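Engineer: I'll drop the sequence and a predicted model, then ask my questions.
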Amino acid sequence: MEWFKEIPRDRIDRDILYSLGAFMTVCRIQRNNAEERVVRLLEGKSPEKIKNEEKKEGEVYPADLEEYALDLIRQHIARKFKGHRLAYLVEAILQAEGYFTYRSPEGPDGGVDILAGRGPLGFDEPRLAVQVKSGDAPVGGPELNQLRGAMGKLNARVGLFVSWGGFKGAAEKEKAQSFFEIRLWDANDLIQALLANYERLPDDIQAEIPLKRIWILLPGEEEG
């Protein structure tokens with residue numbers, strides 16, 4: 001396997017995403033000029049949109065329904081909670097988990113968007129400093145160091161960095177070193193926290209992100 005580069009999920013057309021998420025371990029994705037469109041993404045170009053998706057005869061791509069559902073949620077949040085509104089969503093999740101919070105007003109925040117603590121007034125440990133980045137670009141070491149500096153000034157023993165666009169390799173390597181100091185959430189981590197606390201979220205957020213729990217049968221080998 002040769003690794004070329006990272007491409008944000010929201011830049012990849014749905015038909016290719018769902019083919020990549022097929023249940024088959026190994027498959028060749030050919031429909032709708034998939035290879036040519038992926039090459040354009042690797043070159044930094046916008047892929048040509050496919051108006052009429054047609055499946056070639058003999059091609060079967062069973063959908064990964066879980067991945068499909070999560071992808072729709074991811075796209076919905078990206079549209080509805082741009083900019084400082086993503087911090088509002090993170091704050092609601094922390095409140096659902098039992099934190100007392102303070103969210104900075106929109107504008108320069110000095111490296112911290114949310115302060116959170118346990119207890120009725122938020123004075124109990126753990127006391128948490130949270131930075132939220134809603135952009136598509138991954139963040140790295142300098143942003144983490146900015147959060148560390150803010151944690152020291154605010155007497156917060158632990159931090160949470162939420163980056164919708166993910167993290168650069170240098171930041172990923174610090175996960176073990178910063179395990180007892182800072183947690184890193186990318187878009188997938190945020191969505192999992194949302195799902196875990198959905199029933200406890202405010203009515204206005206549930207109205208903006210209307211979800212319904214369903215049961216599906218997992219694929220498996222047929223009994224002989």
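Structural biologist: All right, it came through fine.

Engineer: flag every buried residue along the one helix or strand residue 150 maps to.
Structural biologist: Of the helices and strands defined by DSSP states H and E, residue 150 is found in helix 141-153. Buried residues in helix 141-153, counted by 16 or more other Cβ atoms under 10 Å: 143, 144, 146, 147, 148, 150, 151. The way it works is simple: take the backbone N, C-alpha and C, and place the C-beta from them, glycine included.

Engineer: for stretch 189-197, same thing?
Structural biologist: Going by neighbour count (16+ other Cβ under 10 Å), the buried part of stretch 189-197 is 190, 191, 193, 194, 197.

Engineer: before we move on, what about stretch 151-170?
Structural biologist: Of all the residues in stretch 151-170, those buried under the rule 16+ other Cβ under 10 Å are 151, 156, 158-168.

Engineer: export the buried residues of stretch 189-197 to JSON lines and tack on distance to residue 7?
Structural biologist: Output for these, formatted as JSON lines (distance: Cβ to Cβ, whole Å):
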{"residue": "190", "distance to residue 7": "20"}
{"residue": "191", "distance to residue 7": "19"}
{"residue": "193", "distance to residue 7": "24"}
{"residue": "194", "distance to residue 7": "24"}
{"residue": "197", "distance to residue 7": "30"}
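
Engineer: helices or strands next to the longest helix seen in the chain in the packing?
Structural biologist: Longest helix in the chain by number of residues (criterion: DSSP state H): helix 65-80. The helices and strands touching helix 65-80, judged by 3 or more Cβ pairs under 8 Å, 6 or more residues apart in numbering; DSSP states H and E, are helix 14-20, helix 187-197.

Engineer: send me the longest one as CSV with only the CA atoms.
Structural biologist: As requested, C-alpha coordinates have been extracted for helix 187-197 and formatted as CSV (Å, rounded to 0.1, in the frame of the first residue of the first chain):
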residue,chain,number,x,y,z
ALA,A,187,-15.5,15.1,13.8
ASN,A,188,-16.0,11.4,14.4
ASP,A,189,-15.3,11.8,18.2
LEU,A,190,-17.7,14.7,18.4
ILE,A,191,-20.5,12.8,16.6
GLN,A,192,-20.0,9.8,18.9
ALA,A,193,-20.3,12.1,22.0
LEU,A,194,-23.4,13.6,20.4
LEU,A,195,-25.0,10.2,19.9
ALA,A,196,-24.1,9.0,23.5
ASN,A,197,-25.8,12.1,25.0
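
Engineer: and that helix, average pLDDT?
Structural biologist: What helix 187-197 shows for mean pLDDT is 97.

Engineer: how far away from the center of its chain is the helix or strand that that helix is followed by?
Structural biologist: Next helix or strand after helix 187-197 toward the C-terminus (DSSP H and E): helix 203-208. When distances are taken as Cα atoms, centre = their mean, to the nearest Å, helix 203-208 is centred 19 Å away from the chain's centroid.

Engineer: stretch 125-137 too?
Structural biologist: Worked out by Cα atoms, centre = their mean, stretch 125-137 lies 13 Å from the chain centre.

Engineer: got a list of contacts for that stretch?
Structural biologist: Here stretch 125-137 makes contact (Cβ atoms under 8 Å, 6 or more residues apart in numbering) with 8, 10, 81-87, 90, 94, 99, 109, 111-118, 139, 143, 146-147, 150-151, 154-165.

Engineer: what mean pLDDT would you report for that stretch?
Structural biologist: On average, stretch 125-137 scores 94.
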